[in-house]
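Engineer: give the three-dimensional model of this entry:
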Amino acid sequence: MPVSESHTNAFVLTALSVSVGLFFALNGTFKLTPAISEDMHKILFAKVFPLNKQLGWKPKGKVYRKTVGSLEVVCGLLLALIPGPLKLISNVVLLLLMGLEFYTHCILKNDISRYSTSVTFALLLACRLVIYYQGYQRTKCSNVEKIKVAEREKSDTQKKED
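Structural biologist: This next block holds a predicted model:
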């Protein structure tokens, strides 16, 4: 029995959601506690804050690190475990965080090995959004077709009664 394209999309979407979500939950945990990874915990945050010029302030490194770590944990778990529109919101938030991380590494002129992970996971998050949007459009078109068929059947029934 062949597998339909919608089932394949659903499987890929679920696999991406769980694996990427768990990665971000783990990565955020590294930023929140030194017990797991001392090196990740010590990374200096807020050296380069993207909105520094626009807002006129720079957050403290510890607060910035804990905020980013907390967002990664929460959004990662939402992406991995919770169905519905919260997945889409957490996907977008994580994609924005990856953009922020990429910006930070570029401004600091870090080696590509330092930010290759953020680029890779940003691409995975973008792929997840594309697959979600394709499934959404397919469902929307399918529902429109069903409505048109129902309207045709209704008008055919009314013509026969007349």
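Engineer: from the centroid of the chain, which residue is nearest?
Structural biologist: Residue closest to the average C-alpha location in the chain (CA atoms, centre = their mean): N91, at 1.8 Å.
Engineer: let's verify that one: helix, strand, or coil?
Structural biologist: helix (DSSP: H, G, I helix; E, B strand; the rest coil).
Engineer: what of N110?
Structural biologist: At N110 the chain is in coil, as set by three-state DSSP.
Engineer: where exactly do the strands run in this structure?
Structural biologist: Assigned by DSSP state E, the chain shows no strands.
Engineer: hang on, R128 packs against L88?
Structural biologist: No: judged on CB atoms under 8 Å, R128 makes no contact with L88 at a distance of 9.4 Å. (C-beta placed from N, C-alpha, C; glycine too.)
Engineer: looking at those two, which is more packed in?
Structural biologist: A count of neighbours by other CB atoms under 10 Å puts R128 above the other of R128 and L88, at 23 against 16.
Engineer: quick one, what contacts that one?
Structural biologist: 13, 16-17, 20, 91 (CB atoms under 8 Å, 6 or more residues apart in numbering).
Engineer: repeat that for H7.
Structural biologist: Contacts for H7 (CB under 8 Å, 6+ apart) come out as none.
Engineer: in this protein, which helix or strand is least confident?
Structural biologist: Least confident helix or strand of the chain, by mean pLDDT, DSSP states H and E, is helix 38-42 with a mean of 64.
Engineer: for the contacts of R128, which one is nearest E101?
Structural biologist: Closest approach to E101 among these (CB to CB): V20, at 14.5 Å.
Engineer: and that closest one, what pLDDT?
Structural biologist: As predicted, V20 sits at a pLDDT of 92.
Engineer: what number of residues lie near L13?
Structural biologist: Neighbours of L13 (other CB under 10 Å): 18.
Engineer: so what's it closest to, chain neighbours aside?
Structural biologist: Using CB to CB, 6 or more residues apart in numbering and skipping residues adjacent in sequence, the residue nearest L13 is I131, 5.2 Å away.
Engineer: so what's the one you found up against?
Structural biologist: Neighbouring residues of I131 by CB under 8 Å, 6+ apart: 9, 12-13, 16.
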